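Engineer: My questions concern the predicted model and sequence given below.
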Amino acid sequence: MAGSIAAERPRTARGTATKARIVEAAADLMRAHGVASTSVDAVLAASKASKSQLYHYFADKDDLVLAVIQRQTECVLAAQESMLRGLTSLAGLRRWRDAVVELSRESQCAGGCPLGSLVSELAESPKPRAQLAESFARWEAYLIAGFKAMRDRSGSKSSVDLADLATAVLAALQGGLLLAQTTRSTRPLELALDMAIDQVASRLK
């Protein structure tokens, strides 16, 4: 996966900018219209890149899709990293919850999760599915570290599986975002995350 994306790494600042522009254009188009409905020609037009430039960095559209997954992963995690790294208490977890809800509200609940929206189209394709699974695992790792810090800080003797707890919280987030997107209301997201956080509080006692 990663080897394919990095196979033609830009050697100049201009090359780096060109590659980034292509991936950004592809990501925006795929988020707005879906992966299947985004053509290479549309990406070329949006990025103002030539076909030779695109195929210099990407073997084909499938390779470009992997780069889009990587970019969306970095964007999602970067937006939350400071809060996720600071998860040492339930108050911190609730601040993360509030920030996620606010992001959904600001977008009027449209679009859903940049990673979750890709899953619906790519889950049956082995390489994209594997890369998406890796992306969610990175996200869960922040939660696992936070829950461990919370447990250590409180002196809890809970033997709950922290990985399972992180998976449950992330599942609540994804399901809440999906229903928020459908209803155009943050209420499903709020309910799902509040119930998940209640479980965290209960399991880490």
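Structural biologist: The structure has been received and is ready for your questions. Numbers count the residues shown, from 1 in each chain.
Engineer: most residues in a single helix of this protein, which one?
Structural biologist: helix 126-154 (DSSP state H).
Engineer: for that one, packing partners?
Structural biologist: helix 61-85, helix 90-106, helix 116-122, helix 162-183 (3 or more CB pairs under 8 Å, 6 or more residues apart in numbering; DSSP states H and E). From N, CA and C alone the C-beta is placed, and that goes for glycine too.
Engineer: Mind giving me the packing neighbours of the shortest one?
Structural biologist: Other elements packing on helix 116-122 under the criterion 3+ CB pairs under 8 Å, 6+ apart are helix 61-85, helix 126-154, helix 162-183.
Engineer: between these, which gets nearest to Ala91?
Structural biologist: Across those, Ala91 has its closest neighbour in helix 126-154 (10.1 Å, CB to CB).
Engineer: quick one: which helix or strand includes Pro114?
Structural biologist: Assigned by DSSP states H and E, Pro114 falls within no helix or strand.
Engineer: where's it relative to Ala32, distance?
Structural biologist: When distance is defined by CB to CB, to the nearest Å, Pro114 is 11 Å away from Ala32.
Engineer: In terms of packing, which of the two has more residues around it?
Structural biologist: Comparing Pro114 with Ala32 by other CB atoms under 10 Å, the one with more neighbours is Pro114, at 19 against 10.
Engineer: I'd say that one and Met30 touch.
Structural biologist: No - with contact taken as CB atoms under 8 Å, Pro114 and Met30 are classed as non-touching, separated by 9.5 Å.
Engineer: Can you pull the poorly scored residue ranges out of this structure?
Structural biologist: 1-11 (pLDDT under 70).
Engineer: which residues does Gln108 contact?
Structural biologist: For Gln108, the contact set (CB atoms under 8 Å, 6 or more residues apart in numbering) comprises Arg184.
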